[in-house]
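Trainee: Quick one, what's the 3D model for this:
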Amino acid sequence: MFKLYDSPQRYHKPRFEVIAALSRDLNTRMRCRLGGRHDSLTIVADYMFKLILFLKRPVNLVTVFILISWASSAQQLNTINYNYLYASGQEFELDWKIVHDGEEITIHYRLELTDTTKKIFDYDVLWDARPSLADKEGTLLTGVTPIATTEKLKSGKVKVDKSLAGQYAVARVIYNEQKRMRVFHKRIPTNNTPHIAASGFPVTQKFILRNQPVNLSAFATDSAVFGFHYPTSFPPASPPFATKQGRVAPVIQSDSIRVFTPSQTITLRETGLYLLQQDTASLEGVAFRVEDDYPKLGTLQSLAGPLIYVCTSQEYDKLKAAGEDKAQFDKTILSITGNAERARNFMRTYFRNVELANRYFTSYKEGWKTDRGMVYIIYGLPQVVYLLGDREVWEYNNTTFIGRFTFTKSPTIFDPENFVLIREENYRDAWYAMIDLWRKARF
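Mentor: Next comes the predicted model:
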């Protein structure tokens, strides 16, 4: 029982000496120009020279100049617009997890292209660690070990010194052809981070599929792992203006317990919430959901749930009662939208948002039920996203809504990265205006 709170390289290959000379030349020229002051631009040159020495491999020259440009106007992590984290259709996906096994800290990463017109050799990933989100510069992480490289994927490991625990690891993905960079960051753990892995790579999402084999990884080898299953159906998020929210039992009870060995391969057949622990008296564990029809929903029974945000209670009851009766389900949707064309547009757009909410925001409950998932489904991708450590701020400025939502971190044993919305009464009118647009399929 637990309390639930809420291969071939296509790099340009200039000689190391040439790049190093460029760096030293920049350093000298900046010192002369700035009257000998060792300011941030001279540090840039030093930084690049150290980069060459550390990497000891061919470096894309475009990457060097992008980094010089970036470093000369470096940005704090808490002032970057991270809305690309929640935007579909990006040209690549970066999966990464920082693993602390007690002996060492390692970043496992995999950069995979989703744009078939691009090549992985045009992308570089550079790593550093910063003491805080307000820092513009940090410690270069140079212990990179490539594992695999194909035309569409590169993966590897990055060794992190244990003295950097508690700081922020920063990944900068650079697309050399367009001189463009995306920044990602995560907190470097101070304690051990047992986890589950699939196909030799840590699972970075908070869900797996039913009957998907996964391996227990980085658990202590001297004790068993207990797996608790919770069949609890959690309530969906309440509207942004709601003063009363769906109640969650203060204590949830598991319905079954299984015992595993620390490095066992497991296959879970029951959907729901799982918690893996070795010390069952602690408030730490590895939690994840097991789903079947997910993150893209396909069955009529699955589709009914997320529609609660745009339906009246009577309409929602009819959708739930329809079960797998498609004719009855369609009839109810048509009564909401008014005609078949609107109904098709509504279902296609609405459930694309639901799929993305499940992918990005799954927590101890399904992504569409979370506060961030609910806002994402109804209002869409925010124009601006700020990640502020214990807060996440979304800003909208489009033709349908202008406003801001603030989510605060509310960690639980089932999700240390759980965020909840700060609700306000003044969201009421905007909410109902958005619901009206959805029901008329005018978005």
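Trainee: so which helix or strand takes in Leu437?
Mentor: Counting by DSSP states H and E, the element that carries Leu437 is helix 428-439.
Trainee: tell me the average confidence for that helix?
Mentor: Taken as a whole, helix 428-439 has an average pLDDT of 96.
Trainee: residues touching the residue lying closest to Thr267 once chain neighbours are set aside, list them.
Mentor: The shortest distance from Thr267 to any residue that is not its chain neighbour, by Cβ to Cβ, 6 or more residues apart in numbering, is 5.1 Å, and that residue is Pro213. (Glycine included, C-beta is placed from N, CA and C.) If you count contacts by Cβ atoms under 8 Å, 6 or more residues apart in numbering, Pro213 has them with Ala198, Thr265, Ile266, Thr267.
Trainee: Check the residues you listed against Gly227 and report the nearest one.
Mentor: Checking the contacts of Pro213 against Gly227 with Cβ to Cβ, the nearest one is Ile266 at 7.4 Å.
Trainee: what residues are up against that closest one?
Mentor: With contacts defined as Cβ under 8 Å, 6+ apart, the neighbours of Ile266 are Pro213, Val214, Asn215, Leu216, Gly227, Phe260.
Trainee: Who is it paired with across the strands?
Mentor: Ile266 forms beta bridges with Val214, as assigned by DSSP bridges.
Trainee: pretty sure Lys186 contacts Gly166?
Mentor: No - in this structure, Lys186 is not within contact of Gly166 by Cβ atoms under 8 Å, at 12.0 Å.
Trainee: higher neighbour count, these two?
Mentor: It is Lys186, of Lys186 and Gly166, that has more neighbours when counted by other Cβ atoms under 10 Å, with 14 against 11.
Trainee: re earlier: filter the contacts of Ile266 down to the buried ones.
Mentor: A residue is treated as buried here by neighbour count (16 or more other Cβ atoms under 10 Å); on that basis the buried members of the contacts of Ile266 are Val214, Asn215, Leu216, Gly227, Phe260.
Trainee: Relative to Ile435, which of those residues is nearest.
Mentor: Val214 (38.8 Å).
Trainee: Could I get the contacting residues of that closest one?
Mentor: Taking Cβ under 8 Å, 6+ apart, we find Val214 in contact with Ile196, Ala197, Ala198, Val203, Ile208, Thr265, Ile266, Thr267.
Trainee: got it, and Ser155?
Mentor: Applying Cβ under 8 Å, 6+ apart to Ser155 gives the contacts His108, Tyr109, Arg110, Leu111, Pro146, Ile147, Ala148, Thr149, Phe201.
Trainee: Let me know the distance separating the nearest residue in space to it that is not next to it in sequence from Thr149.
Mentor: Taking Cβ to Cβ, 6+ apart as the measure, Ser155 lies nearest to Arg110, with 4.2 Å between them; neighbours along the chain are not counted. Arg110 sits 11 Å away from Thr149, taking Cβ to Cβ, to the nearest Å as the criterion.
Trainee: try Val173
Mentor: Looking at Val173 against Thr149, where the rule is Cβ to Cβ, the gap reads 15 Å.
Trainee: again, but for Thr116
Mentor: With distances defined as Cβ to Cβ, the gap from Thr116 to Thr149 amounts to 17 Å.
Trainee: higher neighbour count, these two?
Mentor: Each of Thr116 and Thr149 had its neighbours counted (other Cβ under 10 Å), and the higher figure belongs to Thr149 (16 against 9).
Trainee: where are the low-confidence patches of this protein?
Mentor: Along the chain, the parts satisfying pLDDT under 70 run over 1-73, 245-251.
Trainee: could you dump stretch 159-172 to CSV, C-alpha only?
Mentor: The C-alpha atoms that make up stretch 159-172 are tabulated as CSV, following Å, rounded to 0.1, in the frame of the first residue of the first chain:
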residue,chain,number,x,y,z
LYS,A,159,30.5,8.7,-18.9
VAL,A,160,29.6,11.2,-16.3
ASP,A,161,31.9,11.9,-13.3
LYS,A,162,30.2,11.2,-10.0
SER,A,163,31.1,14.7,-8.8
LEU,A,164,28.6,16.1,-11.2
ALA,A,165,25.6,14.3,-9.6
GLY,A,166,22.8,16.7,-8.9
GLN,A,167,23.8,19.0,-11.9
TYR,A,168,22.0,19.1,-15.2
ALA,A,169,23.2,17.0,-18.2
VAL,A,170,22.8,18.9,-21.4
ALA,A,171,22.5,17.4,-24.9
ARG,A,172,22.9,19.7,-27.9
